[in-house]
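Q: Could you work out the structure for the sequence below:
(one chain, ligands or ions: 1)
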Amino acid sequence: MTRFIFITGGVVSSLGKGLGSAALGALLQARGYKVRLCKLDPYLNVDPGTMSPFQHGEVYVTDDGAETDLDLGHYERFTGNPASQSDNVTTGRIYTNVLQRERKGDYLGATVQVIPHITDEIKEFMREKDGSADFVLCEIGGTVGDIESLPFLESIRQFGNELGRDRALFIHVTLLPYIPAAGELKTKPTQHSVKELMAVGIRPRILLCRADRDIEEDELKKIALFCNIDEEKVIPALDAASIYEVPLKYHEVGLDTQVLDAFGIEDAPAPELEEWERINRRLKAPESEVTIAVVGKYTNLADSYKSLNEALTHGGIANKVKVNIKFVEASTFDEAQEDIASELADVNGILVPGAFGNRGAEGMIKAIQYAREKNIPYFGICFGLQMAVLEAARNLTDIKDASSSEFDEEGEHLIGLMTEWVKEEGEKTHHERRSADTDLGGTMRLGAYPAILEKGSKVAKVYDTTHIEERHRHRYEVNINYQEKLEKAGLFMSGKSPDGKLPEICERRDHPWFIGVQYHPELKSKPFDPHPLFVSFIKAAVEQERLV
Ligand code: GLN
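A: Prediction:
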């Protein structure tokens, strides 16, 4: 029997609902249950693929090529279950489906309305998960009270009723703000938020109260009384030192126990939390520290590099070191004569992450040149590989005007628009074709693709295999015809697509650690299963630190 847990948020956004859901998923999993997590997003974009990372943080890409909300990254990192297209839906997607069906005449002349047509479509998204796990956790994006989330709330209300109390549970995450003048945490916003939920017919049975300090017993009791919730189900959720501490903290305050109790499950096995404890021990007592410069262009919002930050942390956990990230805004150095060297002088490793457009590209190329010449470990991800190719071409070959067709018409394009590539799914082989005029949304090379690594190469050693599968999200590609020239300049194409046409990895052999990859390895890294490239990169940075 599948039980559904619906998680809503109140008072303000950014309460850590996604993390809370992921942590609860991890706790139930640690008790031996099969869990599945999904997210319903109330915005009108069909998927977050076309949203700026400044607005919405990172776009998380799944194996099956969906561009999804970054919370799916948390779900995957916390449970180890690979997220998929069917784990995230937006209002835009729901409306698109309904409108397509309306155009086909599938509604047989009916007036198409929010209730029941939109709500039915939302319910269908949840219902199709029935039977796929012991617990399905559905996080509703946005804040209760927003106009946008109403159809979602109505749908979970209806669906909750259909399932009944034994199979449906509503958890509401709220905030108790601290008011310095009064010297206390305030419960009123929580009361109002629960009232708002009740007004749409949803009665939460568990409240997760976020606060930046201890919540007095009296306050918890007051909330229970006013919100009509069992006292032990008003749960304090205080800030944690690290996101990986959240499952342990939530277990301490009884979140998983109360969830099981709400469902009337009495014989649940105790959770096995050793892995989480081990990770936390390492995080709390690192043997040393390293600093990695992330030379990027969305550096104002840490969420734009969510998975990357986490993968670096995982590399640190594996090497028993603390990884400090120094964000360097690449565009500051595009034109400036001022030297990027002063920014990079004290770092142990340099990483250029994924990016779109030419702003910042020149700054990144300068950083890569610095890493190459000073023998500092360099890790290029997607755009970071493409810029490493341009750096080598411009500074070590006669192609002084090396460029990418993403930037402009000028120069020699070593990086070009990909118009054709091969995707294999099971037995089937698709030829994907695009042109410069195709829609922007969902038209990149997206999702998991295999690559073959050259025997004896650095990357083959790092991965300890020659066959890998990694997730992609890009529109441009390094032109394989430049292989010879680039290899003469010391940049070797040590990983390619199985047909040998698309370069996937470039590495330098005259350098302690210089690897660029066309895909996004950070998306698959997990705290208890760190990605080998990040483990190896951080190890190189640690060794570098010893040399300094
Ligand atoms: N803008 C580049 C491309 O589309 C790189 C994309 C990325 O770094 N994710 O190919």
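
Q: can you list the weak-confidence ranges in the stretch 251-400 of the chain?
A: Within the stretch 251-400 of the chain, the stretches with pLDDT under 70 are 299-300, 336-338.

Q: need the residues of it near the ligand, please.
A: 354-356, 382-383 (CB under 6 Å from any ligand atom). Every residue, glycine included, has its C-beta placed from N, CA and C.

Q: Tell me, how many residues neighbour the residue in the stretch 151-300 of the chain positioned nearest to the ligand?
A: With CB to the nearest ligand atom, the shortest gap between the stretch 151-300 of the chain and the ligand falls at residue 296, namely 9.9 Å. Using other CB atoms under 10 Å, residue 296 has 27 neighbouring residues.

Q: just to revisit the earlier point, can you tell me which of the residues of the stretch 251-400 of the chain next to the ligand are in helices?
A: residue 383 (DSSP state H).

Q: Just give me the closest of the residues of the stretch 251-400 of the chain next to the ligand to residue 117.
A: residue 356 (35.8 Å; CB to CB).

Q: re earlier: neighbour-wise, give me the winner out of the residues of the stretch 251-400 of the chain next to the ligand.
A: residue 383 (27 neighbours).

Q: State the distance from the residue nearest to that one when sequence neighbours are not counted to residue 348.
A: Nearest non-adjacent residue to residue 383, counting by CB to CB, 6 or more residues apart in numbering: residue 355, 4.1 Å away. Here the criterion is CB to CB, to the nearest Å. By it, residue 355 lies 22 Å from residue 348.

Q: Residue numbers of the stretch 401-548 of the chain in contact with the ligand?
A: When proximity is defined by CB under 6 Å from any ligand atom, the stretch 401-548 of the chain lies next to the ligand at 406, 473-476.

Q: Which of the helices and strands in this protein ranks last by mean pLDDT?
A: One helix or strand of the chain scores below all others by mean pLDDT, DSSP states H and E: strand 420-425, with a mean of 60.

Q: sorry, back to before: measure how buried the residue lying closest to the residue of the stretch 151-300 of the chain closest to the ligand once chain neighbours are set aside is and give me the count.
A: Distance criterion CB to CB, 6+ apart; nearest residue to residue 296, sequence neighbours excluded, is residue 353 at 4.9 Å. Neighbourhood size, residue 353 [other CB under 10 Å]: 26.

Q: Then residue 126?
A: 20.

Q: pretty sure it contacts residue 138?
A: Yes - using CB atoms under 8 Å, residue 126 makes contact with residue 138 at a distance of 5.8 Å.

Q: Show me whatever sits in contact with both of these two.
A: Common contact partners of residue 126 and residue 138 (CB atoms under 8 Å, 6 or more residues apart in numbering): 4, 38, 40, 156.

Q: Let me know the closest of those residues to residue 531.
A: The closest of those, once distances to residue 531 are taken by CB to CB, is residue 38, at 24.1 Å.

Q: give the contact list for that closest one.
A: By CB under 8 Å, 6+ apart, the residues touching residue 38 are 86-89, 125-126, 129, 136-139.

Q: Look up how far residue 326 lies from the residue nearest to residue 383.
A: Note on residue 355: its distance to residue 326, by CB to CB, is 17 Å.

Q: cool, residue 11 as well?
A: Residue 11 is 33 Å from residue 326, by CB to CB.

Q: So between those two, which is more surrounded?
A: Between residue 11 and residue 326, residue 11 has the larger neighbour count (other CB under 10 Å), namely 22 against 15.

Q: residue ranges of the strands in the stretch 201-350 of the chain, please?
A: 206-211, 234-238, 288-296, 321-329, 349-352 (DSSP state E, counting those that start in this stretch).

Q: Can you say which of the ones you listed is packed in most?
A: strand 349-352 (a mean of 29; mean count of other CB atoms under 10 Å).

Q: That one pairs with which strands?
A: As defined by DSSP bridges, the strand partners of strand 349-352 come to strand 288-296 (parallel), strand 378-381 (parallel).

Q: For the contacts of residue 38, which ChimeraX command selects only the ones that are buried?
A: Buried subset of the contacts of residue 38, written as a ChimeraX selection, criterion 16 or more other CB atoms under 10 Å:
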select :87,88,89,125,126,129,136,137,138,139
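
Q: these two touch, right, residue 532 and residue 464?
A: Yes - counting by CB under 8 Å, residue 532 does reach residue 464; the two are 7.2 Å apart.

Q: Return stretch 101-113 as PDB; C-alpha atoms alone will do.
A: In PDB, the C-alpha atoms belonging to stretch 101-113 read as follows (Å, rounded to 0.1, in the frame of the first residue of the first chain):
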ATOM      1  CA  ARG A 101      -6.300  17.600 -25.100                       C
ATOM      2  CA  GLU A 102      -8.900  20.300 -25.500                       C
ATOM      3  CA  ARG A 103      -7.600  21.100 -29.100                       C
ATOM      4  CA  LYS A 104      -7.900  17.400 -29.900                       C
ATOM      5  CA  GLY A 105     -11.500  17.400 -28.800                       C
ATOM      6  CA  ASP A 106     -10.900  14.900 -26.000                       C
ATOM      7  CA  TYR A 107     -13.200  16.700 -23.600                       C
ATOM      8  CA  LEU A 108     -16.200  15.900 -25.900                       C
ATOM      9  CA  GLY A 109     -17.700  19.400 -25.900                       C
ATOM     10  CA  ALA A 110     -17.400  20.000 -22.200                       C
ATOM     11  CA  THR A 111     -16.500  23.500 -20.900                       C
ATOM     12  CA  VAL A 112     -12.800  23.100 -19.800                       C
ATOM     13  CA  GLN A 113     -12.300  24.500 -16.300                       C
END
